[in-house]
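*Asks:* I would like to see how this sequence folds:
(one chain, ligands or ions: 1)
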Amino acid sequence: MGILAPRMNRFKPSPSQIASARVRELQAEGRTIIKLTAGEPDFATPDHAKQAVIDLMDRNEIWYAPINGTQQMREAAQLKFKRDHGLHYDLDQITASAGTKQILFNALMATVGPGDEAIIPAPHWASYPDMVQLAGGTPVIVSCGQNNQFKMRPEQLEEAITEKTKWLIFCSPSNPTGATYSPAEMRALADVLLKHPHVHILTDDVYEHLIYDGREFSTFAQVEPKLYDRTITCNGISKAYSMTGWRLGFAGGPKEIIDAMAKLQSQSASGVSAVAQAAGIAAITGPQEIVREHTANLQRRRDLMFEKLSAADGLSCDLPEGAMYIFCCCAGAIGKRAPDGRVIENDTDFALYLLDSVGVAVVQGVAYGLSPYFRASFVAPEEDIIKGGDLIQEACAALT
Ligand code: PLP
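*Replies:* This next block holds a predicted model:
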């Protein structure tokens, strides 16, 4: 009998962590690597958020925080849901965790068990299926192709729903594709969900503010108020305010599930650090202009990377509508031979080829449930995007 529990075989470590490990190895060998793998914006934490933490320390108010978040934290989330989406949640319908990731984890662990299914449109954030499996459930992956901008069509949703379906896990703007559903597209999915009252919606809105070309963000409970009672609206400060390291996420939803999530947290991490909550409250309730500035800056970098990737032989991509990534098709490179003789059989080979031959790190599409693609993050300094883009073009041109 081994020391590890059987549940440890039900999920994989995060693929971006595996890619980062390989990058570290090459760097240790002295190679310069251009990293187009970042999953976090690179702006400084807003000054008023830093100041809120200094004030908290001056008041020496750093104690165990309530399991579901301080009252001020839940009020800040309440204000945000109302201000940005017109949604009202009572304070006892709101909880806070160490990141949106923990919110999603708690929600799935609190509700999913053997026999339960969760529908996940692919390409998807790598963690969703693993979290469902860890909880004992079955991920039902719905493949959404580039021909529909990687978005799920209503008929695909209808087909995936069974009597075992517990959740639709929904993310717009999406990691890894940037696909952003319009209110009309969400409406069409909502019409399907209305026919199946046993299906709940776990909506991951973490990329809400990273949305381009003047598009408007909407969330499910806002688009269809009849879904409010079976939707958990999840969000966090990581991407909106470039505050990944603070670790704060929050959710509004049905009290029964929110209570269960807090109960789970009471026997694991306990309440989120008081420091993170103070910073998060200031970010959420403070001036929001900074968010628009970040988005405008990222939009310029998106355009630059799109121009570079679109010009590479054998690659094809669409301009992403949101998030911070281009999900690029590398079908034109598959089956080709690299100068060192290796044949590119799949997107993992292609990502490794880019890393080894020209020192550019991207993440292979298979990690997100769709091949042959790769994810290139445009959160990188502009000079890295230009240099990295030129090197990718060079590597593609060298394939025969
Ligand atoms: N959801 C998606 C789709 C993400 O891409 C990420 C981070 O990369 C998260 C959630 C985690 O966010 P947080 O930092 O708030 O835990």
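*Asks:* Please make it C-alpha for all contacts and neighbour counts, starting now.
*Replies:* Will do.
*Asks:* Output the contacting helices and strands for the host helix or strand of Asp55.
*Replies:* Here Asp55 sits within helix 47-58, counting by DSSP states H and E. If contacts are counted by 3 or more Cα pairs under 8 Å, 6 or more residues apart in numbering; DSSP states H and E, helix 47-58 sits against helix 274-285.
*Asks:* what angle do the helix it packs on and helix 47-58 make?
*Replies:* Interaxial angle of helix 274-285 relative to helix 47-58 (axes from the mean of the first three to the mean of the last three Cα atoms, to 10 degrees): 140 degrees.
*Asks:* any idea which helix or strand comes after the helix or strand bottoming out on mean pLDDT in the chain?
*Replies:* Sorted by mean pLDDT, DSSP states H and E, the helices and strands of the chain end with helix 15-28, the least confident at a mean of 79. As assigned by DSSP H and E, the chain's next helix or strand after helix 15-28 is strand 34-35.
*Asks:* Looking at the stretch 101-250 of the chain, which residue is nearest the ligand?
*Replies:* Nearest residue of the stretch 101-250 of the chain to the ligand, counting by Cα to the nearest ligand atom: Lys101, 3.8 Å away.
*Asks:* mind checking how far that residue is from Arg22?
*Replies:* 24 Å (Cα to Cα, to the nearest Å).
*Asks:* okay, these two: which has more neighbours?
*Replies:* Neighbour count, other Cα atoms under 10 Å: between Lys101 and Arg22, Lys101 has more, with 22 against 15.
*Asks:* For the protein, what lies in contact range of the ligand?
*Replies:* Applying Cα under 6 Å from any ligand atom, one finds that the chain approaches the ligand through Gly39, Gly99, Thr100, Lys101, Trp125, Asn175, Asp204, Val206, Gly236, Ser238, Thr244, Gly249.
*Asks:* which residue is nearest the middle of this structure?
*Replies:* By Cα atoms, centre = their mean, the mean C-alpha position of the chain lies nearest to Asn175, the distance being 4.6 Å.
*Asks:* where's it, which helix or strand?
*Replies:* Assigned by DSSP H and E, Asn175 belongs to neither a helix nor a strand.
*Asks:* wait, what's in contact with it?
*Replies:* Going by Cα atoms under 8 Å, 6 or more residues apart in numbering, Asn175 touches Pro123, His124, Trp125, Ala323, Met324, Tyr325.
*Asks:* mind listing the strands for the stretch 251-400 of the chain?
*Replies:* 325-329, 360-361, 363-364, 373-377 (DSSP state E, counting those that start in this stretch).
*Asks:* This completes my enquiry, with thanks.
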